[in-house]
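Asker: here is my input; please provide its structure:
(one chain, ligands or ions: 1)
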Amino acid sequence: MKYASRAHAPIGMFDSGIGGLTVAKSLMERLPLESLHYVGDTAHMPYGDKSPERLREYATGITERLCDSGCKLIVVACNSASSNALEEIRRTAGDIPVVDVVHPVVDWAVEHHPQGHLALIGTRATVQSRVYDALMTSHGLRVHSMATPLLASAIEEGFHNGTLSRAVVEAYFADGWASDKEALVLACTHYPLVMDEIRAQLPEGMAILDAPRIVSEHVATLLEQQELRAHEGPAKHRFEVTDWTSSFAAGASHIVGRPVDLHEVPWPEGQ
Ligand code: DGL
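Answerer: The predicted model follows:
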C-alpha cells in the first residue's frame, strides 16, 4: 500500500495469537496517532513448543508480509520469536527498523535492578534459547528462568482471571522458587493477562517488569529518532489472523478495549 509519507504508514506487529495485543494496547495508549497492523499467527499457535527453525520460518514469513504491505517499523510482539528468530527477522526487514521484546526489557532491568537476581517465566522456546540469561549475565545480573508451557495456550483459550489460570499459575510458583528474587520478568506477551494470578503468588511489593510499557517507550523513542512519528490522526488499525479462532475474536476487543474488526489472511497468503 502507498502512504503519503513513511510517517503515515502503520507499525507492523505480530505474535502467535492474542499475547501481542498486550503490547498493542500499550502502544495505542502511548502513541495514539500511530496506526497498527497486527498479525496473530493463530494457525501456528502456540509458538512456545516450536523448534527454532519453524519459528524462523513463521516469523520471517509474517515480517515479509508486513514489510510488503508498507509498514514503517516492525514490533516482534512475541518473546519466542524474538529469542529464536531476531537475526532472520532483521535480515528480512532490511532497512525497516525492528523492535523485539527482549532487548528493551533487558536494558531496563540492567538500569533498574543493577546486579540484581531476577526470576523469569516464559515459553519453552524462549527459556531454552537462553537469550535472556546470556544478555542479563553479560551485564552482571543473575536470572533464574522457568518454562511455564501450559500458560500461553490456556490464556489464548480465554482462561484468565479464573479458577483454571489461578491453579496453573499456583502450580508453577508452588515451591516458592521466585519469592526470594528481586523482580519477576514476564517473558511471554500473553502473561500480563494473568497478572493478578501471578501477583497473588509473590511476596507483597515484589516488582514485575511491565514489558508492554517498556517496549512502547522504546518504540516511541525510535520513531522520534528516525523521524517516523505520525503527527496527525486518526489512527487506523488492522487486525489479522492466519486462522479465524473464536478465542482470538472474543479476546481481542476485550484486551485492546475497543471493537476489533478481524480479518483472516490464511497462511501462506492466498492458499
Ligand atoms: N506470546 C508469545 C511469546 O511471547 C507466544 C506464546 C506461544 O504461542 O506459545 O512467547
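
Asker: quick one, strands of the stretch 1-150 of the chain?
Answerer: 11-15, 36-40, 73-76, 98-99, 117-122, 142-147 (DSSP state E, counting those that start in this stretch).

Asker: okay, now the sheet partners of the fourth one, with direction.
Answerer: With DSSP bridges as the criterion, the sheet partners recorded for strand 98-99 are strand 73-76 (parallel).

Asker: using CSV, write out every CA atom in the strand it pairs with.
Answerer: Provided in CSV are the C-alpha atoms of strand 73-76 (Å, rounded to 0.1, in the frame of the first residue of the first chain):
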residue,chain,number,x,y,z
LEU,A,73,8.6,-0.4,11.7
ILE,A,74,8.1,-4.0,12.9
VAL,A,75,7.5,-4.9,16.5
VAL,A,76,8.1,-8.6,17.2
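
Asker: ok, stretch 16-31 near the ligand or not?
Answerer: Yes. Counting by Cβ under 6 Å from any ligand atom, contacts between stretch 16-31 and the ligand involve Ser16, Gly17, Gly19. For glycine as for every other residue, the C-beta is placed from the backbone atoms N, C-alpha and C.

Asker: what's the mean pLDDT across the helix or strand where Ala220 lies?
Answerer: Using DSSP states H and E, Ala220 maps to helix 211-225. Mean per-residue pLDDT for helix 211-225: 98.

Asker: got the buried residues for that helix?
Answerer: Neighbour-count burial for helix 211-225 flags Ala211, Pro212, Arg213, Ile214, Val215, Ser216, Glu217, His218, Val219, Leu222, Leu223 (criterion: 16 or more other Cβ atoms under 10 Å).

Asker: of the residues you listed, closest to Ala77?
Answerer: Ala77 lies nearest to Val215 out of the buried residues of helix 211-225, by Cβ to Cβ, at 7.7 Å.

Asker: picking that back up, using a markdown table, please lay out the strands of the stretch 1-150 of the chain together with mean neighbour count, mean pLDDT and distance to the ligand.
Answerer: A markdown table is the format used below for the strands of the stretch 1-150 of the chain (neighbours: other Cβ atoms under 10 Å; pLDDT from 0 to 100; distance: least, Cβ to the nearest ligand atom, whole Å):
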| stretch | mean neighbour count | mean pLDDT | distance to the ligand |
| --- | --- | --- | --- |
| strand 11-15 | 28 | 98 | 5 |
| strand 36-40 | 26 | 98 | 10 |
| strand 73-76 | 26 | 98 | 9 |
| strand 98-99 | 21 | 98 | 14 |
| strand 117-122 | 22 | 98 | 6 |
| strand 142-147 | 17 | 98 | 10 |
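
Asker: need those strands in a markdown table with distance to Met136, can you?
Answerer: Shown next, in a markdown table, are the strands of the stretch 1-150 of the chain (distance: least, Cβ to Cβ, whole Å):
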| stretch | distance to Met136 |
| --- | --- |
| strand 11-15 | 23 |
| strand 36-40 | 29 |
| strand 73-76 | 19 |
| strand 98-99 | 19 |
| strand 117-122 | 7 |
| strand 142-147 | 5 |
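
Asker: so, low pLDDT: which residues of this structure?
Answerer: 1, 268-271 (pLDDT under 70).

Asker: so which residue is smack in the middle of it?
Answerer: By Cα atoms, centre = their mean, the chain has its centre lying nearest to Ala77, at 2.9 Å.
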